[in-house]
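In: Coordinates for the following, if possible.
(chains A and B)
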Amino acid sequence: MSAFKIEVNDNGVAKLIFDLPGEKVNKFSKDVMIELGEKIAELKSNTSIKVLLVMSAKEGIFIAGADVGEIQEMLNKEGDQSQEARDLITRGVNTFTELENLPFPTVAVINGACMGGGLEMSLACTYRVVTDHKKTSLGLPEVMLGILPGWGGTQRLPKLIGLVNAMPLILTGKKIDAKKAFKLKIADAIIAAEFIDEKIAEFVDTILDDKKKKKILSKRNTTKGFMGATQNFLLEGNPLGKNVVFSKAREGVMKASKGHYPAPLAILDLLQDTYGMSLKDGLKRETEAFIKLVTTHKSVVKSLVHIFFTDDAVKKDIGVKMPDDYKVPAVNHSAVLGAGVMGGGIAWLFSYKDIPVRLKDVNWDGVSKGFEAAQDIYKVLQKKRKLKPTQVNMKMHKISGALDYSGFKSSDVVVEAIVENMGIKKTVLQELEGEVSNDALICSNTSALSISEMQSVMKHPERFIGMHFFNPVNRMPLVEVIRGEKTSDESVAKLVSLVKKLGKTPIVVGDCAGFLVNRILIPSMNEGMYLLEEGCDLEEIDKTIYKFGMPMGPFTLADEVGLDVGYKVAKLLEEAYGDRMRVPEFLGKIVEGGLLGKKMGKGIYIHKGKSRTFNEGVQKFLPAKKSNSITKEEMVDRFVFTMVNEAARCLEEKVIEKPAYLDLAMIYGTGFPPFHGGLLKYADSVGVTNVVEKMNVLAQKYGKRFEPCELLKSLAKDNKSFYDL
Amino acid sequence: MAERIAIIDGVRTPFCKSTNPKVPGVLGEMQADDLGAHVVKELLAKTGFDANDLDEIIFGNVIQPPQSTNLTRILAVKAGVPERIPSYTVNRNCASGMESVTTGMNKILAGYADVILAGGCESMSNVPILFGKKMIDIFMGLGKAKSLSAKLDVISKFRPAFLAPVIPGLLDPLCSLQMGQTAELISKDFSISRLEQDEFAMMSQNRAEAARANGIFEDEIVPIPVGPKYTAVQTEDDGIRNGTDLKGLQKLRPCFDRLAGTVTPANCSQITDGAAGLIIMRESKAKAMGLTPIGYLTDYAYAGLAPDRMGLGPVYATSQILERTGKQLGDFDLIEINEAFAAQVIGCERAMASKEYCQKYLGRADAIGVVDRDKLNVNGGAISLGHPVGATGTRLIIHTLKELKRRKKQHGLVTLCIGGGQGTALTLEAE
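Out: Have a look, this model is predicted:
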């Protein structure tokens, strides 16, 4: 079956229409690229063609890019893949060069998403026209998969729009919309999607007219005008300016990647290396850089590609089996109980998605805190120009406050975010059931209390479910969906769908103390504190864990979360799981001493603006430093293997079934380093046998908590890894 | 007589003093439509009424915000009322918040609607200040001028005096008087002394103070999260001065006629931000829906008079409505005469009690009657609570019905004077 169709009309206007059979999107696999090469050869020999339009037949999609599945397949093979990578790259580079060299002008008609290889193909066309379709967006997201745009993207884009404009697009992988693409002069024209045929015909007339064509081409010149010329001279036109540009960019990349991600650095090197070089030579260097990146840093690329596919799978997963004709009812009204930090954040999220939300608390001061929390998030969005003041006003109007249950009758979903106390929660939930309609979904945002136990007091327990957001709600992508004993399948389906609608990633987990993420994370936080008890230096522990790739060390994180909040949850887990989750005594003393962390400016650290320094005032609560023989490597092992052991138990107990989902939850919920591909991926890469061996040694030294659980032992015995499960 | 119109429930925002040069108003950063939207949202939440059942939203507003023409449409959509439900704005000056309700009544009785959400809102903190015609001509000229010399030509015509602002609504062009000056005329017509006015103001303040202390306003106020920063929720009116006494009031200087006047900032209504709203339908419809209304609107009248005596409007409207309904003044258990000015309320009392006045100006055989102060403005009025011009009319209806219920009484008369020389009177019933 053919992916491309050629149409040539009487006026010599040819169309090359990309329509990948059996797929919703167009992407470049090996076969598709080969076919494209053949089609270009066919076009080349057709002398009646005056102009070629490259188009897509897919709705909302121009070209999504390379077939990432093929790349994953390649990476999963054992041995050296440099030849295969070279073939992959040269095939694309050569095909696009052929496209560029066609004897007539070519126009990429971008009406929908145009990503990665799709944009690289468009850059090889003579002209690009974008439509204002709401799905039209352009970008080079390769860097997010740990690779670089290897089909000419790093060469053609800077040549077209200048280094300063091109660099952020290639380095961050961010998408831009049609307007921005036109402003940056990636696109030569922007047209209304509804009038695509007429407008393209006009554009064709323009480029076939020499004088008008010149006008279009002259607009591309980024050094035009006073500002353009000055900027060009200062930043790119002289060696000094160029160095400033690159060193600034390097600084930014190091800050963002902490040196864990090789791709942005490789891209920077390549850009610096090839700046001002001919296209032909530049393309050669680009190919070499690509091959070097995927061969020397294969594990990072594999990890990132793996996460990409897991994320995609979760997006398509509805969480439970439902009849094919089941349709999730719409959520038109919502309510939140408790206007604290979490309640305020959740109310913000509903309002941001234009779902009216009733925010109830016990007094007006409480309610106003929730409103303020929401407004604070909007303030930032407005400052960043993501929203206009009028839009913020409209969205804030979606939130309304109450002390009673007025307005709850119309709610399709209610999220409880009150104080973490089982008795109070039970009372409130019983009260709530009398105030809402019988088919309203009731969710609890508890971070550790048992959903099943809360259910036990409810009249309609089947519509009750855990909806665990992470703090801060606006930034954390994960929501744990917790099934209680009596939660119905329909409630799971409803909540999974709602979480997606809210733009978050739902992971369905079983009901146990701490659920999945906190249950795995908290013992490792405890472990960090045991290290302190054993005499290690606090800041060194934090730095070591940070260097491993966690977004912050355990003490910084504790401050961030709030020591009182963290302590409370940790205590709950200690109660549930016993000795292996013992909470260090000194933590309780710090909380009693009134040091609560960042929210009050003082905890283990003193926080001033963005800087933090060790809080000497906390020293008196801490165990004394003493010499020991604990190496940094052991610190990391203890920190990570504690998590691995608990994660294995979660799999054992079927809190979650898929290792890949567990890994995604830890990445989205705790920031576990994506370059490791996730917690269990990391254990697999160390080797489960090695992990078990090391844990046995640790168990002898530090006690039972390091004894590998049954699942780990059986995996090691069979010489299997987690991902074989 | 036509069927009674049921008022299902009504709420209002706290009434808060507007921004003045010394102090920013609590609600001063919120626009009139934001206040109105809040009232609509809370009214729907409180009653549990499905917005889909509404046929129309009608709000009164006097000084229309320039960024929100037909502000009712804007406040309705902001409040989450479905977009398919239409809405419009009415303006009858100080009676706008009543006009919205009586217009709604007309629509319902004429069969054009079943359920209407009516109300009023005003942000007097956000009165737009306009440029005069000459300045506007310069702006327009600059826009049209193509060349530099043409632009310079336009600019050369500019004079600093062109910058003098035009503030809407201060002066009545019909009589070339400010509203306060019309009150001064009434004080002279009926020789109403400064002392009498101050005593009336004190009564208004003291009654409102007691009512607030007894939680009476909590029945009608919906607390409002204060935008745009949302650091607080305003729960009560802030114009009431606890412990107001004559001594304090008498210290103030007249503000409209500085030399010989009697009207001071304390014995006239306050400049205030606020909104109020209620839901109306036929009595039979309310019964069919199983609703318990807070009361009923039975009839209304609007009347015109000399613009320079606009404060006496209630006298004219009351005369009309008594004629229409066949009632006597004494039949009413509660009476509201909106306190635009103490002088003007007292003037209404005198005119209604005067056989001579009623004969001469109203063509009546006899006086309307004596207003019993124990029934008049029993919980204070615009002097103590403030007068957000678009919203006051709706507040008076809501408050009177709820007060009738509290007192277990039946009949209420609510009147209001209107700038430009009009008056209005509504008859209400509790059961």
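In: Give me the below-cutoff pLDDT ranges for the stretch 1-150 of chain B.
Out: Scanning the stretch 1-150 of chain B for pLDDT under 70 picks out the ranges B:1.
In: Report the secondary structure state of the closest residue in space to B:Gln359 that isn't next to it in sequence.
Out: The spatially closest residue to B:Gln359, leaving aside those adjacent along the chain, is B:Ala365, at 7.2 Å (CB to CB, 6 or more residues apart in numbering or on different chains). Any C-beta I mention is one placed from the backbone N, CA and C, and that applies to glycine too. Reduced to three states with DSSP: H, G, I helix; E, B strand; the rest coil, the structure at B:Ala365 is coil.
In: same check, this time on B:Gly330
Out: The three-state label for B:Gly330, taken from three-state DSSP, comes out as helix.
In: ok, it to chain A distance?
Out: For B:Gly330, the distance to chain A under the criterion CB to the nearest CB, to the nearest Å works out to 39 Å.
In: Where does B:Cys121 sit: helix, strand or coil?
Out: Secondary structure of B:Cys121, reduced to three states by three-state DSSP: strand.
In: Which pLDDT value goes with the residue of the stretch 51-200 of chain A found nearest chain B?
Out: Per CB to the nearest CB, A:Lys134 is where the stretch 51-200 of chain A lies closest to chain B, at 19.8 Å. Among the per-residue scores, A:Lys134 holds a pLDDT of 95.
In: neighbours of it, just the number please.
Out: Using other CB atoms under 10 Å in any protein chain shown, A:Lys134 has 11 other residues around it.
In: burial of the residue nearest to B:Gln359, as a residue count?
Out: B:Ala365, neighbours per other CB under 10 Å, totals 8.
In: Next: A:Ser437.
Out: When neighbours are counted by other CB under 10 Å, A:Ser437 registers 10.
In: Now stretch A:110-124: average pLDDT?
Out: Averaging the model's pLDDT scores along stretch A:110-124 yields 98.
In: Tell me who's in contact with B:Asp189.
Out: Taking CB atoms under 8 Å, 6 or more residues apart in numbering or on different chains as the criterion, B:Asp189 is in contact with B:Arg309, B:Gly347.
In: right, and B:Phe49 touches B:Ile8 too?
Out: Yes: proximity of B:Phe49 to B:Ile8 meets the contact threshold set by CB atoms under 8 Å, at 7.2 Å.
In: Overlap in contacts, these two.
Out: In terms of CB under 8 Å, 6+ apart, B:Phe49 and B:Ile8 are both contacted by the residues B:Ile279.
In: Nearest spatial neighbour of residue 405, chain-adjacent residues omitted?
Out: You didn't pick a chain, so chain A it is. When the adjacent residues along the chain are set aside, A:Tyr405 lies closest to A:Glu435, with 3.8 Å between them (CB to CB, 6+ apart).
In: Chain B is the one I meant
Out: When the adjacent residues along the chain are set aside, B:Lys405 lies closest to B:Ala430, with 5.6 Å between them (CB to CB, 6+ apart).
In: Quick one: neighbours of the nearest residue to A:Asp537 once chain neighbours are set aside, just the number.
Out: What sits nearest to A:Asp537 in space, not counting adjacent residues and going by CB to CB, 6+ apart, is A:Lys625, at 6.4 Å. Number of residues near A:Lys625 (other CB under 10 Å) recorded here: 13.
In: residues in contact with A:Lys625?
Out: Taking CB under 8 Å, 6+ apart, we find A:Lys625 in contact with A:Gly535, A:Cys536, A:Asp537.
In: For those residues, pick the one with the most neighbours.
Out: A:Cys536 (22 neighbours).
In: That one in helix, strand or coil?
Out: coil.
In: Excluding sequence neighbours, find me the nearest residue to it.
Out: Distances taken as CB to CB, 6+ apart place A:Ile630 nearest to A:Cys536, at 5.8 Å, with adjacent residues excluded.
In: burial count for residue 184?
Out: No chain in the question, so chain A it is. As a burial measure, A:Leu184 scores 18 neighbours (other CB under 10 Å).
In: if you could check chain B rather than the one you did, that'd help
Out: Around B:Glu184 sit 23 other residues, with neighbours defined as other CB under 10 Å.
In: my read: B:Pro314 touches B:Glu336, true?
Out: No: the pair B:Pro314 and B:Glu336 fails to qualify as a contact (CB under 8 Å) at a distance of 9.1 Å.
In: Check the secondary structure at B:Gln67 for me.
Out: For B:Gln67, the assignment made with three-state DSSP gives coil.
In: Please report phi then psi for the residue lying closest to it once chain neighbours are set aside.
Out: If you skip the residues right next to it in sequence, B:Gln67 has B:Gln31 as its closest partner in space, 7.5 Å away by CB to CB, 6+ apart. Summarising the backbone geometry of B:Gln31 under the convention degrees, to the nearest 10, its torsions are phi -80, psi 160.
In: B:Gln31 against B:Glu122, yeah?
Out: No: at 10.4 Å, B:Gln31 does not count as touching B:Glu122 under the criterion of CB under 8 Å.
In: and the two? which has more neighbours close in?
Out: In this view B:Gln31 and B:Glu122 are compared by other CB under 10 Å, and B:Glu122 has more residues nearby, 33 against 24.
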